[in-house]
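[1] Sequence first, predicted coordinates after that:
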Amino acid sequence: MLESGEMPTDDEPQPTYAKRNEIVTWINTELRNLAASDSKKTKPATTRRLTNFEYQNTLRDLLGFELKLIDSLPKDPAKPYRFNNTVEFMQMGPEQIDRYLECARRAMASAIVDSGTPEIHKTLTQWKPHGLDKGLGSDELGVWGNRRNTPAWGTRLRSFPRTGEFRIRVKASAILPDGITELPFRLIMGYTINVNSSTQQVEPVGTISLKNSPDDPQVFEFRGRIENYPFAPATTRKGRPVSETMVITPQNLYDDGTLNDGQRQLSMPRAIVEWIEFEAPLTEDWPPQHHRQILFKSPLNESDPLIESDPETYVKNVLRRFMSRAYRRPATDAEVGRFARIHSLLASEMETPEAAMREALAMVLVSPQFLYHTAAEDGVTTRQYELASRLSYFLWGSMPDEQLMQLAGESKLDDPDVIEKQVRRLLSDPRSRDFVENFTSQWLSLSKLKTVPINRELFPRFLYYVPRGERAGTEEPYRPTIRDYMHAETVGFVAELIRRNASVLNIVDSDFAYLNQPLAAHYGVAGVQGHKLRPVAITPEQRLGGLLTHGSILIGNGTGSAPHPIYRAVWLREAILGDEVPAPPADVPALSDSAGESAEKALTIKDLLARHRKKVSCNECHVRLDPWGIPFERYNAIGKFQSQVPKEGTRVSGFNQSMHVNLAGYADYLKSLNTVKVDADARLPNGPEVDGLQELKAYLIQNRKDEIAENMIRRFLSYGLGRELNWRDRFAVEELLDQAKSNDYKLQDLIVAICQSPLFRGR
């Protein structure tokens, strides 16, 4: 606060620059001396379990295929603008062990198959081609088919296995009106008892882009694991047994930003599906690779006489290889022997050798060595394996791969050049997307985006809603919405900054946005087509750039009806500047209450905040908080730039086709009501007057760049170390900040420097 000028406050006598600097230097010097003289230097506690996110990814890379198990585990705790992979949060409770054991058994049931060739389940559904100029219809999920009761209603599977990989082949094409080049086409799979009931459960299979016409139908292939999709259990209906049910349903995801509700069917692109074929499990390579990775040259499938002659050694070899990968460091003889004895006991009780090995390996997956992060212990492993895990869980959210493990075994991970090469390799791997998603979502508290109820009266064309049935009027749950795209926009934007090795200051302002067609239409950026998000060059007139104008941030920090300057100010100070904003005291009145009767005359939120600050108990915090939020006021509750609003008390009607004719007419209606200029100017604490977000962004980049960069360093360090930083860490942060300043604050280079630092390497 001394360095930033927040202390002393404006109404107190101010020290000279020399005196202020003298005090700051004295505090820093004494802290540094204390840290250097502390001979104990007790390392912070780091024993922590894997987060659910890390557990899911680790099992994926350990077994070689994806199983969705997170929903079977208790939810991890969460705290706004903080990471949950810390010692404080990642503790273990008795109820979790039961869940982990259940998940481990499910995982091993899928990983190790039974001997013999399994039954193959196939379903083929075909539709007769109809004239393309008649009978085109859609269902509640928004699929454009040939005509009613065609693919819009999906394909019911006659039978399906409980485990294994499936393949779905679809012969499809698209009717693309002039000017439209592609149609995003998705398959979902699950079950539906009633399409409008809460019993509907589906998961996406995959999305492709249809660019071929009906004159050139093509076959597309989707793959996945059947275990990851819900099915309706067997029931009895009207005295007759009803078998287990699973349905594959196509979806047309085309969205040009108008949220077509069926009134413009003939002018919108449509998908034409000729047939859908399902097959599972796939047996071209049997037993599958994930089975052979565990039971290599196994007498349980293709026997090897040398192995059969010594089954005890074979079991230990299987255990050693699996355990060393699961533990992320070489398993000791004692550990292998312990599980070999467990396997020996199980072998006499289980019906098959495969069942015994599944249960033994499930026990490995509930051991502390798997569920907790790798820690260096004398006689067990070295710091090198701990560092390999720290790197991979930082940048992948998963276990180290073979190359990292080999480097750790050769003690090469202390070489800065080796670390740099590995960091850039990890960041270029597709698995780094998991890191960016998890890091960004927690750092910016993006989960708030989905919790804000949007005012349908004020913003009737913002979201998809179920048109009829029991769930009519609720947000459509089984297709991506603009909010999903906004979340993906923010994650993709951060990933692009890292990929480009761009300056960290781009998080405040940038010359590109990360958009697809629906988002571009929402923000008013012309010329963007297609479902895929990608970098798009922008101009200053479009009033975008950086995170501060992202819909995910603006909606998540609003009320759903109006912008909220306090929420947005807290977000800016916490997430971008790295400040600690205390929660309001329990005895502080609400904003409207503190303004009293005069609130009725406060036409703008700025006026209301000014009246709120007249209360002494409110002023102390708000005088330092409000000015950071008021410049956001020209961005409305759904994240769009809006320079004018209706007069206070004006009633705004929702979209009505008979009244407004079309969306252009509705836009004209809103324009006629918006006659009051939005006031977005404020004097920043110990800073200048700024009017609107562009001026605020310019101020931040010019005057607060070090705080912005330091905040990012602290965020990455805390996430990578898996703990909150303490006072001793400030000196490592200062060194990293000096390094970043000399390198134009480049983001990927900053991550490399963090991983090379003695603090990260545990030196």
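    On my side now, so go ahead.
[2] only C-alpha atoms for contact and neighbour calcs from this point on.
    Fine.
[3] Figure out the helix or strand that the closest residue to Pro330 other than its chain neighbours lives in.
    In space, Pro330 comes closest to Ser324 once its chain neighbours are excluded; the distance is 4.6 Å by CA to CA, 6 or more residues apart in numbering. Using DSSP states H and E, Ser324 sits within helix 311-327.
[4] in the helix or strand just after that helix, what's buried?
    Once the chain leaves helix 311-327, the next helix or strand it forms, by DSSP H and E, is helix 333-347. Buried residues in helix 333-347, defined by neighbour count with 16 or more other CA atoms under 10 Å: 336, 339-340, 342-343, 346-347.
[5] Low-confidence stretches in the stretch 351-500 of the chain?
    376-381, 466-473 (pLDDT under 70).
[6] what are the ranges of the strands in the stretch 201-350 of the chain?
    201-210, 218-225, 235-237, 240-242, 247-252, 270-280 (DSSP state E, counting those that start in this stretch).
[7] Which strands border the longest one, and is each parallel or antiparallel?
    Pairing partners of strand 270-280, with direction, according to DSSP bridges: strand 121-126 (antiparallel), strand 165-175 (antiparallel).
[8] Could I get these in TSV, plus columns for distance to Lys677?
    TSV is the format used below for the strands paired with strand 270-280 (distance: least, CA to CA, whole Å):
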stretch	distance to Lys677
strand 121-126	58
strand 165-175	45
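[9] Out of these, indicate the one that is most buried.
    Most buried of the strands paired with strand 270-280, by mean neighbour count (mean count of other CA atoms under 10 Å): strand 165-175, with a mean of 21.
[10] Dump it to CSV, restricted to CA.
    Extracted C-alpha coordinates of strand 165-175, given in CSV (Å, rounded to 0.1, in the frame of the first residue of the first chain):
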residue,chain,number,x,y,z
GLU,A,165,-14.6,-48.5,-27.2
PHE,A,166,-17.4,-47.7,-29.6
ARG,A,167,-17.5,-46.4,-33.2
ILE,A,168,-20.4,-44.4,-34.7
ARG,A,169,-20.4,-43.8,-38.4
VAL,A,170,-22.8,-41.3,-40.0
LYS,A,171,-23.5,-40.6,-43.6
ALA,A,172,-24.4,-37.0,-43.8
SER,A,173,-24.4,-33.8,-45.8
ALA,A,174,-25.7,-30.2,-45.4
ILE,A,175,-28.0,-27.8,-47.3
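[11] Please list the outside residues in contact with that strand.
    Strand 165-175 is contacted from outside by 182-183, 210-214, 216-226, 269-282, using CA atoms under 8 Å, 6 or more residues apart in numbering.
[12] Buried members of those into PyMOL, please.
    The buried residues among these can be selected in PyMOL (16+ other CA under 10 Å) with this line:
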select buried, resi 182+183+210+211+212+213+214+217+218+223+224+225+226+269+270+271+272+273+274+275+276+277+278+279+280+281+282
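[13] okay, how far is it across stretch 276-291, tip to tip?
    The separation between the terminal residues of stretch 276-291, taken as CA to CA, to the nearest Å, is 29 Å.
[14] for stretch 459-476, that is, sorry about that
    Terminal residues of stretch 459-476 lie 16 Å apart, using CA to CA.
[15] again with stretch 398-413
    By CA to CA, the extent of stretch 398-413 from end to end equals 18 Å.
[16] Over to stretch 340-356?
    End-to-end for stretch 340-356, by CA to CA: 11 Å.
[17] Same check on stretch 406-426?
    Taking CA to CA, the first and last residues of stretch 406-426 lie 15 Å apart.
[18] buried residues in it?
    Counting neighbours by 16+ other CA under 10 Å, stretch 406-426 gives 407-409, 413-414, 419-420, 422-424, 426 as buried.
[19] what about that stretch, distance to the chain center?
    Distance of stretch 406-426 from the chain centroid (CA atoms, centre = their mean, to the nearest Å) equals 28 Å.
[20] repeat for stretch 392-412
    How far stretch 392-412 lies from its chain's middle: 23 Å, per CA atoms, centre = their mean.
[21] With stretch 518-535 instead?
    Using CA atoms, centre = their mean, the offset of stretch 518-535 from its chain centre is 20 Å.
[22] Next, the buried residues of that stretch.
    518-523, 525, 528-531, 533-534.
[23] Over stretch 253-272, what's the mean pLDDT, rounded is fine.
    Average pLDDT, stretch 253-272: 71.
[24] Please read the previous query as pertaining to stretch 188-203.
    The model assigns stretch 188-203 a mean pLDDT of 69.
[25] cool, and stretch 563-571?
    93.
[26] got any ranges where the stretch 1-150 of the chain has weak pLDDT?
    In the predicted model, the stretch 1-150 of the chain carries pLDDT under 70 at residues 38-45, 128-150.
[27] can you give me the helices for it?
    Assignment of helices within the stretch 1-150 of the chain using DSSP state H, counting those that start in this stretch yields the ranges 17-37, 52-63, 94-111.
[28] Out of those, which is the most enclosed?
    Highest mean neighbour count among these (mean count of other CA under 10 Å): helix 52-63, with a mean of 20.
[29] Next, the angle helix 94-111 makes with it.
    Angle of helix 52-63 versus helix 94-111, following axes from the mean of the first three to the mean of the last three CA atoms, to 10 degrees, is 30 degrees.
[30] which residues of the stretch 301-450 of the chain fall in helices?
    Under DSSP H, counting those that start in this stretch, the stretch 301-450 of the chain gives helices at 305-308, 311-327, 333-347, 353-364, 368-371, 383-395, 402-409, 416-428, 432-443.
[31] Pro250: which of those is closest?
    Between Pro250 and these, the shortest separation by CA to CA is 26.7 Å, and it involves helix 432-443.
[32] hmm, who's touching that closest one?
    80-83, 394-397, 426, 446-447, 490-491, 494-495, 575, 715, 719.
[33] redo that, cut-off 6 Å
    With contact meaning CA atoms under 6 Å, 6 or more residues apart in numbering, helix 432-443 is reached by 81, 83, 395-397, 491.
[34] any idea which helix or strand comes after it?
    helix 482-500.
[35] List the buried residues of that next one.
    By 16+ other CA under 10 Å, the buried positions in helix 482-500 come out as 482-483, 485-498.
[36] Show me what that helix packs onto, helices and strands only.
    helix 551-556 (3 or more CA pairs under 6 Å, 6 or more residues apart in numbering; DSSP states H and E).
[37] after the helix it packs on, next one along is what?
    helix 565-571.
[38] how about a markdown table for the strands of the stretch 201-350 of the chain, with distance to Gln96 added?
    Listed next are the strands of the stretch 201-350 of the chain as a markdown table, based on distance: least, CA to CA, whole Å:
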| stretch | distance to Gln96 |
| --- | --- |
| strand 201-210 | 25 |
| strand 218-225 | 25 |
| strand 235-237 | 31 |
| strand 240-242 | 35 |
| strand 247-252 | 33 |
| strand 270-280 | 32 |
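[39] how close does the most centrally placed residue in the chain get to Phe65?
    Note on the chain: the residue nearest the mean C-alpha position is Glu437, at 3.8 Å, using CA atoms, centre = their mean. Relative to Phe65, Glu437 is positioned 20 Å away (CA to CA).
[40] what does Pro646 give?
    Distance from Pro646 to Phe65, by CA to CA: 55 Å.
[41] again, but for Pro430
    15 Å.
[42] the more surrounded of the two?
    More neighbours surround Phe65 than the other of Pro430 and Phe65, with 17 against 10 (other CA atoms under 10 Å).
[43] Phe731 - how many residues pack around it?
    Count around Phe731 with other CA under 10 Å applied: 14.
[44] Next one: it from Phe339, what distance?
    Using CA to CA, we find Phe731 at a distance of 45 Å from Phe339.
[45] dump the residue contacts of the closest residue to Ile208 other than its chain neighbours.
    Excluding its sequence neighbours, the residue lying closest to Ile208 (CA to CA, 6+ apart) is Phe185, at 5.4 Å. Residues counted as contacts of Phe185 (CA under 6 Å, 6+ apart) are 207-209, 251-253.
[46] No more questions from me, cheers.
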